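Trainee: predicted coordinates and the sequence they were generated for:
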Amino acid sequence: MPGVLMKVVIGCDHAGLELKLEMISLLREMGVECIDSGTNNLQSVDYPDYGEQVAKAVSSGAVDRGILICGTGIGMSIVANKFFGVRAALCNDLFAAKMSRLHNDANILVIGGRVVGKDVAKEIVRVWFSTSFEGGRHIKRLNKIRQIEERMRQAGHETGTAENC
Ligand code: RB5
């Protein structure tokens with residue numbers, strides 16, 4: 001949402017580093033406050049470590065949204081969606097980016113750094129930040145996701161909430 005005050009945290013593994021640096025420049029051009037949570041070199045690292053940091057920041061409300069980049073985007077998506085209140089969407093194309101905001105109110109954008117080229121990725125980010133949640137019939141569906149999370153919490157499953165981050 002360019003021009004609107006928004007705090008975003010962005011993380012990647014070694015396979016997403018190059019694209020992440022491009023995305024940080026773009027976000028700053030868009031006027032989005034951007035916190036870089038690593039990794040910051042090409043040494044091989046484990047994507048769950050970086051996915052967890054970003055997902056916890058979104059889950060706790062410390063930031064408004066997150067961006068995660070690994071090779072395919074799959075690993076980061078799997079990790080991020082373990083956390084309470086996180087709706088991470090793997091968007092390697094523009095249609096997915098748009099729909100993930102319109103219908104799913106996605107709060108973490110995941111991109112595959114080895115799948116998408118720099119220019120397409122920039123367009124994905126622009127679309128994702130400029131598209132608002134449609135609401136309406138989708139609200140009840142998101143409420144059902146929240147109810148699943150609540151039931152899991154009651155059943156004793158640990159999730160990354162504000163309380164245990
Ligand atoms: C790293 O080689 C690669 O497995 C990782 O970036 C990601 O694609 C995992 O889903």
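Mentor: Okay, I see it.
Trainee: so in terms of bridging, what pairs with the residue nearest the centre of the chain?
Mentor: If you average the C-alpha coordinates of the chain and look for the closest C-alpha using Cα atoms, centre = their mean, you land on residue 108, 1.9 Å from that point. The bridge-partner assignment for residue 108, based on DSSP bridges, gives residue 66, residue 88.
Trainee: my understanding was that it contacts residue 63; is that so?
Mentor: No: counting by Cβ atoms under 8 Å, residue 108 sits too far from residue 63 to count as a contact (10.0 Å). (C-beta placed from N, C-alpha, C; glycine too.)
Trainee: give the residues shared as contacts by these two.
Mentor: Counting by Cβ atoms under 8 Å, 6 or more residues apart in numbering, no residue touches both residue 108 and residue 63.
Trainee: in contact with the residue lying closest to residue 73 once chain neighbours are set aside, which residues?
Mentor: When the adjacent residues along the chain are set aside, residue 73 lies closest to residue 112, with 3.6 Å between them (Cβ to Cβ, 6 or more residues apart in numbering). With contacts defined as Cβ under 8 Å, 6+ apart, residue 112 is in contact with 69, 70, 71, 72, 73, 74, 90, 92.
Trainee: ramachandran angles for residue 112?
Mentor: Dihedral angles of residue 112 (phi, psi; degrees, to the nearest 10) stand at phi -90, psi 110.
Trainee: shouldn't residue 34 be within a helix?
Mentor: No: inclusion of residue 34 in a helix is not indicated when DSSP: H, G, I helix; E, B strand; the rest coil is applied; the result is strand.
Trainee: what residues are up against it?
Mentor: Under the criterion of Cβ under 8 Å, 6+ apart, the contact partners of residue 34 comprise 8, 9, 10, 24, 27, 28.
Trainee: try it again at 7 Å.
Mentor: 8, 10, 24, 27, 28 (Cβ atoms under 7 Å, 6 or more residues apart in numbering).
Trainee: just the closest of those residues to the ligand, please.
Mentor: Closest approach between the contacts of residue 34 and the ligand, by Cβ to the nearest ligand atom: residue 10, at 15.0 Å.
Trainee: so what touches the strand or helix carrying the closest one?
Mentor: With secondary structure defined by DSSP states H and E, residue 10 is part of strand 7-12. Contacts of strand 7-12 from elsewhere in the structure, counted by Cβ under 7 Å, 6+ apart, are 20, 23-24, 27, 32-39, 50-51, 53-54, 57, 63-70, 113.
Trainee: contacting the ligand as well, which ones from these?
Mentor: Among these, the residues within reach of the ligand (Cβ under 6 Å from any ligand atom) are residue 70.
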